[in-house]
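K.L.:
Have a look; sequence and predicted model below, questions after that.
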Amino acid sequence: MERRTFLKISSGATGAILLPVFGNAIAAEELLNPMAVSFKKTLADAGLNAATKAGASYCDVRIGRYLNQSITTRDLRVENIINTESTGVGVRVVAGGAYGFASTNDMSPDGVAGAARQAVAIARANAKLQTEPLRMAPVKGTGVVSWATPFTKDWRAVPVKDKAEMLIAANKAGLDAGATFMTANLFQVNQQKYYASTDGSYIDQDIHRLWAPMTATAVDKAANRFRTRDSLAAPVGMGFEYFDARAADKVQAAGGVATLYTRSCDLVEDARAAGRQAKEKLSAKSVEPGKYDLVLSPEHLFLTIHESVGHPTELDRVLGYEANYAGTSFATLDKWATKKFKFGADRVNFIADKTTPGSLGAVGYDDEGVAARRWDIIKDGVLVNYQATRDQAHLIGEKESHGCSYADSWNSVQFQRMPNVSLAAGKEQLTPDEMIKDVKKGIYILGRGSYSIDQQRYNFQFGGQLYFEIKNGKITGPLEDVAYQSNTQEFWNSCSAICDQRDWRMGGSFFDGKGQPSQVSAVSHGSATTRFNGINVINTARKIG
């Protein structure tokens, strides 16, 4: 079932989240109460049993309840509030050596059993077209287990009025600091996912994510131009304590979710800086094209990692099975097979990880029942592995899945999705200030900007939010109209320094698209501030010819 509504907030709004649906009101308390585990197990068993009786050699059942809330504000007013809820069951089977999938929103044992039988029929039809049967890496059944995103403050229990006031306070701070107008948004996700399989797994998970992007815009009417500065705050997999610096500090001190990997977000201070910096960008010097040493902050570098490392090491892209959303991959199996392909400099190490606290990709188990784990993708600059699911593992000599399977809904079939892919911090103590002291001609870049990458994930161009000129080891002032161009291998081999773990933090993509029909997932990418030598920089405002 799908539920969608638009709410208006008045000064007298109460603390309850209300969803007016078909004339009924559902209180916040009901949203906080998940479906009974015993009920979910009954539904799952109905699907597993029906699939097995129909001839399936394997079956998994995913029961999902997906809650989303988004709030949109502009300047000092609320523009929109949307709540959605979606609940249903997806059944995937193997029969005749092929997959079959079917889904239903009929939350009854008979409804799920019917979907299971339909999935088996689809698998048998698919089997007639396959050239060889699929091979699934073994998974030991977990029995009955559960996992939940660690948090101290549930976003579902926070009054909508309080959230809207937080966004409006941020907008006001940006306006007072020099912005002509401000927008701020808040995206909140809760995925209640129950997985059961004929391997003997019954896995109950409760996953939470948050993101509060905002944009400050400054306008120069006399010059007929404007500049923007987007938020530098990262999306996270944690609770609403992310927006309370004091609460986050307490959790951090207690060894909880707000570790070094995820820091609290002061949205008002970020907005205040954004308003000031958007105005400053109107008078910033336009960059002179040429070769520069680039000092890239984690708030910027995460997107370059995502596009040039995360996507090209997805095994389905490498194999040519997936080409939607910017193509396949240059990092082909022949390069990996040599165990010598220099993806980057010796200091470059990339780790795939589904366990990092506070990250968008953190789960206990993937959507094939595989426990979350860490593994190397690039080690000492060499391509050593990819991202693989159960049916891909044997293609690269792996005996088990990496745990990279994900579906964005109960009615979507699970497939290979990117885990958190992060650049390891430098081994020697180094701060950003110390790194900049060694730069004679360079640019310091912060924040996510425009980007473009080719169909092999090789040649690319990236911009940012803020640019600062570096001369003889010192930042001399802001720049504008900056974009850098390179190719993946050349760029990562030009990496000359990485700050240490004290500076390491995560950015991320909240809406990463892939597949056809399209699915969306969320993934984080961590790094410390990193320097790249001799990178080509262009001026994006200058006309060619």
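P.N.:
In hand now; what should we look at? Numbering: from 1, shown residues only.
K.L.:
List the residues that contact residue 130.
P.N.:
For residue 130, the residues meeting the contact criterion (C-beta atoms under 8 Å, 6 or more residues apart in numbering) are 97, 98. Every C-beta, even on glycine, is put in place using the N, C-alpha and C of the backbone.
K.L.:
got it, and the one 4 residues further on?
P.N.:
Under the criterion of C-beta under 8 Å, 6+ apart, the neighbours of residue 134 are 94, 97, 98, 99, 391.
K.L.:
secondary structure class for it?
P.N.:
Of the three states, residue 134 takes coil under DSSP: H, G, I helix; E, B strand; the rest coil.
K.L.:
What of the one 10 residues further on?
P.N.:
Here residue 144 takes the strand state, with states given by three-state DSSP.
K.L.:
how many other residues sit next to it?
P.N.:
By the criterion of other C-beta atoms under 10 Å, residue 144 has 13 neighbours.
K.L.:
Which element, helix or strand, includes the closest residue to it other than its chain neighbours?
P.N.:
Leaving out its chain neighbours, the residue that sits closest to residue 144 by C-beta to C-beta, 6 or more residues apart in numbering is residue 202, at 4.6 Å. In this structure, residue 202 is located in strand 201-211 according to DSSP states H and E.
K.L.:
next one: that strand to chain centre, how far?
P.N.:
15 Å (C-alpha atoms, centre = their mean, to the nearest Å).
K.L.:
which helices and strands sit right next to that strand?
P.N.:
Counting contacts by 3 or more C-beta pairs under 8 Å, 6 or more residues apart in numbering; DSSP states H and E, the secondary-structure elements packed against strand 201-211 are helix 37-53, strand 143-148, strand 181-197.
K.L.:
So in terms of bridging, what pairs with residue 296?
P.N.:
Beta-bridge pairing of residue 296 under DSSP bridges involves residue 445, residue 530.
K.L.:
so who does it touch?
P.N.:
Residues in contact with residue 296 (C-beta under 8 Å, 6+ apart) are 304, 445, 529, 530, 531, 532.
K.L.:
List just the nearest of those residues to residue 482.
P.N.:
Relative to residue 482, the closest of the contacts of residue 296 is residue 445; by C-beta to C-beta it sits at 7.1 Å.
K.L.:
Which pLDDT value belongs to that closest one?
P.N.:
Reported pLDDT at residue 445 in the predicted model: 98.
K.L.:
all helices for the stretch 351-500 of the chain, in order.
P.N.:
Counting by DSSP state H, counting those that start in this stretch, one finds helices in the stretch 351-500 of the chain at the ranges 432-437, 488-493.
K.L.:
Can you tell me which of those is nearest to residue 456?
P.N.:
Between residue 456 and those, the tightest spacing by C-beta to C-beta is seen for helix 488-493, at 8.9 Å.
K.L.:
what comes up buried for the closest one?
P.N.:
Judged by neighbour count (16 or more other C-beta atoms under 10 Å), helix 488-493 contains these buried residues: 488, 489, 491, 492, 493.
K.L.:
I'd guessed the residue nearest to residue 144 sits against residue 143; true?
P.N.:
Yes. Between residue 202 and residue 143 a contact is recorded at 6.8 Å, counting by C-beta atoms under 8 Å.
K.L.:
Any figure for the gap between the closest residue to residue 471 other than its chain neighbours and residue 474?
P.N.:
By the measure of C-beta to C-beta, 6+ apart, the closest residue to residue 471 outside its immediate chain neighbours is residue 441, 6.7 Å from it. In this structure, residue 441 and residue 474 are separated by 12 Å, where distance is defined by C-beta to C-beta, to the nearest Å.
K.L.:
Of these two, which one has the most company?
P.N.:
Here residue 441 and residue 474 are set side by side on neighbour count (other C-beta under 10 Å), and the busier one is residue 441, at 14 against 11.
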